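K.L.:
Turn this into a model:
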Amino acid sequence: MRKIFAIAVTSLLLSSCMKQKDVTIMVQNQSEMNRTEMVEVVWHLIKDNLKLPQGQSFILLDEQGQQVPYQLVSYGEKEAQLLIFPATLNAKQTLRFHIKQGLPDKFASQAKTTFMSERKDDISWENDRVAFRMYGPSLEMDPTEPLISGGIDIWVKNTPDLVTQQWYKDDLAKVKSYHEDKGEGLDFYTVGKTLGAGAAAPIVNDSLYYINHNFQSYEILDNGPLRTVFRLTYAPYYASDSVVINETRLISLDAGSNMNKIIENYGDIKQDIQVAAGFPYYNNDTYVMNGPEGYIAYAQPAHEQHGVIYLGLVSDVALVNTKIIKNQLLGIMNYRPSYSAGKGLTYYSGGGWSKGGYPTVQDWDNYVADFAKRVRNPLVVAVQ
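P.N.:
From the prediction side, this is the model:
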């Protein structure tokens, strides 16, 4: 009888030890500014503590016990790399979030990438604030409007809904053009053979070296609900006579953000080069170029009917230089051969709209300046 009792106690202890734990995520805003942004937590730090049974779902709760939307981000790997979720913190505030076993609520997707083979191989991506696209291989072979451009096109919107795929469908069906605003936004930005809304290119002696073909291939690595991530691969091209560039771009866009995170990788280069990112400049004076703080903010000339498109560039370190070259506002950054073996060169670019949340130039300038501060002073995150 004693033996049976001992086995029962041991079994109960083992069961208790293997019981799923709750995990607390502490998020600290050590800056002097209020901020709303995406929190990133290394997933294995949570997974190792959580001890969830295989296939068991979990919920994320705020301090009031309300569910918070989240996403596991893999960047194309078999295992999740990050847990991300949105948080709003006042200056110097600390918040605690709790993970427990449970069935999460359904939250609407706020970030998505789509490959548009029916629209000449566009890669199109959007969140609750803004939308973008880049051009694929079919467009450069198109008999009516061939175009080779590594520039980023921006589509402005004033709805949090994901609407651009319907815009494409309506345009292709000739129901309405996405160049016309029917109350949600539109495309009235001109890219052409420029960097567009913040693409990058090698720069040597004030000459930009553009890609010589549109992207060759694409991979959509994560696709919402809070972050969309994709990779573009380009054919090799030359930057000056001696440097061969094998370029890939890893682009991600978070819900709630007007700025893309872009990671440039130039492959096996043997020497330091410089890279310029920026956008076309129309000889108006509504711009801020702050190299030491690592950002450029620009307001295009106002369109009589559609308003103003704003553009922004942010680096997490000081820009080497800021220049206006051949009617483009440029931020200059260093690219070292060691970057290719690592993650590449990271910067941020994007835009906004006077009818979509930024009624004045000062509103946009403040947003870009604050974004640069947040990049340099990330939230402090701990798992308990």
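K.L.:
Report how many residues lie close to residue 292.
P.N.:
Close neighbours of residue 292, defined as other Cβ atoms under 10 Å, add up to 9. For glycine as for every other residue, the C-beta is placed from the backbone atoms N, C-alpha and C.
K.L.:
Ok, residue 207 next?
P.N.:
Residues near residue 207, counting by other Cβ under 10 Å, number 13.
K.L.:
Next up, the contacts around it.
P.N.:
Contacts for residue 207 (Cβ atoms under 8 Å, 6 or more residues apart in numbering) come out as none.
K.L.:
Local confidence estimate at it?
P.N.:
Looking at residue 207, its pLDDT is 94.
K.L.:
cool, and the one 3 residues further on?
P.N.:
According to the prediction, residue 210 has pLDDT 95.
K.L.:
And the residue nearest the centre of the chain, how far from residue 208?
P.N.:
In the chain, the centroid-proximal residue (Cα atoms, centre = their mean) is residue 253; its distance is 2.5 Å. To residue 208, residue 253 is 24 Å away according to Cβ to Cβ, to the nearest Å.
K.L.:
can you check residue 229 too?
P.N.:
Taking Cβ to Cβ, one finds residue 229 at 27 Å from residue 208.
K.L.:
now swap in residue 174 and tell me
P.N.:
Residue 174 sits 37 Å away from residue 208, going by Cβ to Cβ.
K.L.:
Please enumerate the helices of the stretch 1-150 of the chain.
P.N.:
Remark: helices assigned in the stretch 1-150 of the chain by DSSP state H, counting those that start in this stretch are 2-17, 43-50, 137-140.
K.L.:
Least reliable of these by average pLDDT, please.
P.N.:
When I compare these, helix 2-17 is least confident, with a mean of 40.
K.L.:
In stretch 54-68, which residues are buried?
P.N.:
Across stretch 54-68, burial judged by 16 or more other Cβ atoms under 10 Å covers 58, 60-61, 68.
K.L.:
cool, and stretch 206-226?
P.N.:
So stretch 206-226, judged by 16+ other Cβ under 10 Å, has buried residues 208-211, 214-215, 218, 220-226.
K.L.:
which of those residues sit farthest apart?
P.N.:
Using Cβ to Cβ, the two most remote members of these are 209 and 225, lying 37.6 Å apart.
K.L.:
re the thing from before, surely the residue nearest to the centre of the chain meets residue 125?
P.N.:
Yes. Residue 253 sits in contact with residue 125 when judged by Cβ atoms under 8 Å, with a separation of 5.8 Å.
K.L.:
Can you check which residues contact both of these two?
P.N.:
111, 132, 228.
K.L.:
which of the buried residues of stretch 54-68 lies closest to residue 291?
P.N.:
residue 68 (37.3 Å).
K.L.:
Can you verify my assumption that the closest one contacts residue 60?
P.N.:
Yes. Using Cβ under 8 Å, residue 68 is in contact with residue 60, at 4.6 Å.
K.L.:
ok, now which ones touch the closest residue in space to residue 105 that isn't next to it in sequence?
P.N.:
Once flanking residues are discounted, residue 105 sits nearest to residue 67: 4.9 Å by Cβ to Cβ, 6 or more residues apart in numbering. Neighbouring residues of residue 67 by Cβ under 8 Å, 6+ apart: 59-61, 104-105.
K.L.:
Dump the buried residues of stretch 206-226 to JSON lines, plus distance to residue 249 and secondary structure.
P.N.:
Shown next, in JSON lines, are these (distance: Cβ to Cβ, whole Å; DSSP: H, G, I helix; E, B strand; the rest coil):
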{"residue": "208", "distance to residue 249": "16", "secondary structure": "strand"}
{"residue": "209", "distance to residue 249": "15", "secondary structure": "coil"}
{"residue": "210", "distance to residue 249": "13", "secondary structure": "coil"}
{"residue": "211", "distance to residue 249": "10", "secondary structure": "coil"}
{"residue": "214", "distance to residue 249": "12", "secondary structure": "coil"}
{"residue": "215", "distance to residue 249": "8", "secondary structure": "coil"}
{"residue": "218", "distance to residue 249": "10", "secondary structure": "strand"}
{"residue": "220", "distance to residue 249": "13", "secondary structure": "strand"}
{"residue": "221", "distance to residue 249": "12", "secondary structure": "strand"}
{"residue": "222", "distance to residue 249": "15", "secondary structure": "strand"}
{"residue": "223", "distance to residue 249": "17", "secondary structure": "strand"}
{"residue": "224", "distance to residue 249": "19", "secondary structure": "coil"}
{"residue": "225", "distance to residue 249": "23", "secondary structure": "coil"}
{"residue": "226", "distance to residue 249": "21", "secondary structure": "coil"}
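K.L.:
Since that was my last question, I'll sign off now.
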